[in-house]
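> Would you be able to build a 3D model of this:
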Amino acid sequence: MTAPRSGTGPSSAGGPAEPPPPARPKFAAAARAALADTRRRRNLRGATAALRDREAAATRAAADWEELREAGRAIRDDTLLNLDTHLEELERAVTEAGGVVHWAADAGEARGIVTGLVRAAGATEVVKASSATLREIGLDEALEAIGVTSCETALADLVVRLGGDEPSHPLSPAVHRDRAQIGELFRRELPAAGPDLADDPAALAGAARDHLRGRLLRARVAVTGANFLVAETGTAVVLESEGNARMCLALPETLVTVAGIDKVVPAWRDMEVFLQLLPRASSGDPMTACVSAWTGVTAGDGPREFHLVLLDNGRTRALADEVGRTALRCIRCSACANVCPVYGRTGGAPYGPVLPGPAGAMLTPLLRGVESAADASLPYASTLCGACAGVCPVKIDIPDVLVRLRGEVVESRRRRPVPTPELVLMRGLAWTMGDPRRHEAALRRGTRWARLLSRGGRIRRLPGLLGRWTETRDLPAPPAESFRAWWTRRRA
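As a prediction, this is how the structure comes out:
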């Protein structure tokens, strides 16, 4: 694939340099708060169990489900292998339809393009139909820095914003909150809802609708993501259940869509496959309530300006790797998160800004690299049980990608001038086990010390850095006599 052209249109070039984002903690450290919150874990467990049941029923009901999965895999693979051609076709089609295409090499360039467009429109408030891509580029913080208020229009995203939370789930970001918590939040943060707002879903949805209606009607700029980009016609497609994205598409004067270059689909006939795959794998529905598609601008109907920001942000690097390319098949359905035992206990926040669950553990280090400790920890946020691969609608072997990424993490650590404690330990073990006499001596001494640390046949806390192993598990005390010693004594 050829490198994309530089971004076009307004940007923040020449403005003050952005401060570096704060370092994220490693996955294990970031997960501690979620693991300690029993109410959050209970809410998450109930929601993911319900989604699993719905998805299983929906896929069983489709007699050709496996054929659909294979078709989805084949289309995605062929698209990614010829992505440069499809992107050029997409740009031509969008331009011919009256839209403007901007190319963003990274998140900073995408933020600059969007904030420049908002400034050019003279808007002080932006409505959003949020997506993982908007969160990936950190758009909210960029808009806030230029004095622009961003308003989430999806109910779950609104709950997350009002509560100052991190999204918990790709499909329903506020799944960690129950209706009582949402009711309390609305009564506190939405004065117009009144102190007597009930906790039932209809009342909560009505309060959110009243809060958002005026903002949608007066908005001059809307920013959305896209589930798919049809290269043949230059059309962006969004699947949703509430209709908020459709209002964002129709009411404002300027519409900005930010989407990864991997969202391209060659032709409309391919959408027949994905409009069956995505709803069943995502929410367990045979089809989505609202499927909105928009192509450029039309005089007297919808926005006067349409801007499509195509984001690379590491995707080209992943595309160049055979294993990484399979990960870019992902259509962001969340099926893998619903079956993941790790995600089911931690929720989405510890995975960082790209995507939660197994897909995030795979895509975040692929797009961002494994140089930072936080990104390097994500491939290890998995039991490698394989459940995610079994439900993926486009047949990504997620455990295989995670194992490959773990190898990259290990190789990156080898190049450090000062080896990590783990690497020093492993090198010491390799040296010890490389000679039978050293191995025997280490076993005798290790057994003696381990039995001194044990209580009731279990070692509950190892000393030093080894103590991290026993933070969440007990270690059985070794037997007084090793198998090798027992075998030697029997043969004597």
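> Could you chop this protein up by domain?
27-168+204-316, 421-491 (automatic domain parsing).
> Switch the ones you listed over to CSV, and while doing so, append mean neighbour count to every line.
Yep, even glycine has a C-beta here, placed from its N, CA and C like the rest. Formatted as CSV, these follow (neighbours: other C-beta atoms under 10 Å):
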stretch, mean neighbour count
domain 27-168+204-316, 19
domain 421-491, 12
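> Turn those domains into a markdown table, columns for mean pLDDT and distance to Arg345.
Output for the domains of the chain, formatted as a markdown table (pLDDT from 0 to 100; distance: least, C-beta to C-beta, whole Å):
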| stretch | mean pLDDT | distance to Arg345 |
| --- | --- | --- |
| domain 27-168+204-316 | 93 | 6 |
| domain 421-491 | 80 | 11 |
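> looking at the ones you listed, which is closest to Leu402?
Taking C-beta to C-beta, domain 27-168+204-316 is the member of these nearest to Leu402, at 12.3 Å.
> What is the helix or strand encompassing Ala156 packed up against?
In this assignment (DSSP states H and E), Ala156 forms part of helix 155-163. With contacts taken as 3 or more C-beta pairs under 8 Å, 6 or more residues apart in numbering; DSSP states H and E, helix 155-163 sits against strand 149-152, helix 179-189, helix 201-218.
> Spatially nearest residue to Val273 (excluding sequence neighbours)?
Sequence neighbours aside, Ala71 is the residue nearest to Val273 in space, at 4.8 Å (criterion: C-beta to C-beta, 6 or more residues apart in numbering).
> Can you tell me the SS state at that neighbour?
helix (DSSP: H, G, I helix; E, B strand; the rest coil).
> among the helices and strands packed on helix 155-163, which is nearest Leu466?
Closest approach to Leu466 among those is made by helix 179-189 (39.5 Å; C-beta to C-beta).
> Other residues contacting the closest one?
Helix 179-189 is contacted by residues 159, 162-163, 174, 177, 193-195, 197-201, 203-204, 207-208 when judged by C-beta atoms under 8 Å, 6 or more residues apart in numbering.
> now with 6 Å?
Around helix 179-189, the neighbours that count as contacts under C-beta atoms under 6 Å, 6 or more residues apart in numbering are 159, 162-163, 193, 195, 197, 199, 204, 207.
> distance of Tyr380 from His211?
41 Å (C-beta to C-beta, to the nearest Å).
> ditto for Arg484
Counting by C-beta to C-beta - Arg484 and His211 are separated by 71 Å.
> now Gly164
For Gly164 relative to His211 (C-beta to C-beta), the value is 17 Å.
> now do Asp178
Distance from Asp178 to His211, by C-beta to C-beta: 20 Å.
> Regarding the most centrally placed residue in the chain, what is its secondary structure?
Geometric centre of the chain, nearest residue: Leu355, 0.7 Å, by C-alpha atoms, centre = their mean. Under three-state DSSP, the three-state class of Leu355 is coil.
> Return the residues in contact with it.
Contacts for Leu355 (C-beta under 6 Å, 6+ apart) come out as 132, 363.
> again, but for the one 10 residues further on
Taking C-beta under 6 Å, 6+ apart as the criterion, Pro365 is in contact with 375, 378, 405.
> most surrounded residue in these?
Most neighbours among these, by other C-beta atoms under 10 Å: Leu378, with 27 neighbours.
> Could I get the phi/psi values of the closest residue to Asn244 other than its chain neighbours?
Spatial nearest neighbour of Asn244, chain neighbours left out: Thr153 (3.9 Å); criterion: C-beta to C-beta, 6+ apart. Thr153 adopts backbone torsions of phi -110, psi -10, taken as degrees, to the nearest 10.
> Okay, strands next: where are they in this structure?
Using DSSP state E, the strands of the chain run over 100-104, 125-129, 149-152, 221-224, 228-230, 235-240, 254-260, 264-265, 290-295, 305-311, 458-459, 475-476.
> Which secondary structure elements does the longest helix belonging to the chain sit against?
Counting residues, the longest helix found in the chain (DSSP state H) is helix 38-61. Contact here means 3 or more C-beta pairs under 6 Å, 6 or more residues apart in numbering; DSSP states H and E; on that basis helix 38-61 packs against helix 335-339.
> and the helix it packs on, what does it pack onto?
With contacts taken as 3+ C-beta pairs under 6 Å, 6+ apart, helix 335-339 sits against helix 38-61, helix 357-368, helix 387-391.
> possible to save these as JSON lines with distance to Val126?
Formatted as JSON lines, the helices and strands packed on helix 335-339 follow (distance: least, C-beta to C-beta, whole Å):
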{"stretch": "helix 38-61", "distance to Val126": "29"}
{"stretch": "helix 357-368", "distance to Val126": "25"}
{"stretch": "helix 387-391", "distance to Val126": "35"}
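> quick one: terminal-to-terminal distance for stretch 240-249?
By C-alpha to C-alpha, to the nearest Å, the extent of stretch 240-249 from end to end equals 13 Å.
> So Pro358 sits against Val339, correct?
No. In this structure, Pro358 is not within contact of Val339 by C-beta atoms under 6 Å, at 8.6 Å.
> neighbour count winner among those two?
When Pro358 and Val339 are compared for neighbours, Pro358 comes out ahead with 32 against 23, by other C-beta under 10 Å.
> Contact partners for the more buried one?
336, 340, 388, 398.
> And those residues, which two are furthest apart?
Farthest pair in those (C-beta to C-beta) is Cys340 and Ile398. Separation: 9.2 Å.
> was I right about Leu249 contacting Thr295?
No. Counting by C-beta under 6 Å, Leu249 does not reach Thr295; the two are 11.0 Å apart.
> Find the residues that touch each one of these two.
By C-beta under 6 Å, 6+ apart, no residue touches both Leu249 and Thr295.
> In contact with Glu408, which residues?
Here Glu408 is in contact with Val370 (C-beta under 6 Å, 6+ apart).
> Look up the pLDDT of it for me, please.
pLDDT recorded at Glu408 is 91.
> Find the residue closest to Gly243 in space, skipping its chain neighbours.
Per C-beta to C-beta, 6+ apart, closest to Gly243 is Cys290, 5.2 Å.
> Show the contacting residues for that neighbour.
240, 243, 246.
> Give me the phi and psi for the second one.
By that I understand Gly243. phi 90, psi 0.
> from here on, count from 3
Okay, residue one is now 3; in that scheme the one you just asked about reads as Gly245.
> With Val96 as the reference, measure out to it.
24 Å.
> same question, the first one
Taking C-beta to C-beta as the measure, Glu242 and Val96 are separated by 21 Å.
> ditto for the last one
Taking C-beta to C-beta as the criterion, Arg248 is separated from Val96 by 20 Å.
> now Leu369
From Leu369 to Val96 the distance is 24 Å (C-beta to C-beta).
> cool, Arg56 as well?
35 Å.
> check contacts around Asp108.
Asn315.
> Can you give me the separation between it and Asp314?
7 Å.
> Pull up the overlap in contacts between those two.
In contact with both Asp108 and Asp314: no residue, using C-beta under 6 Å, 6+ apart.
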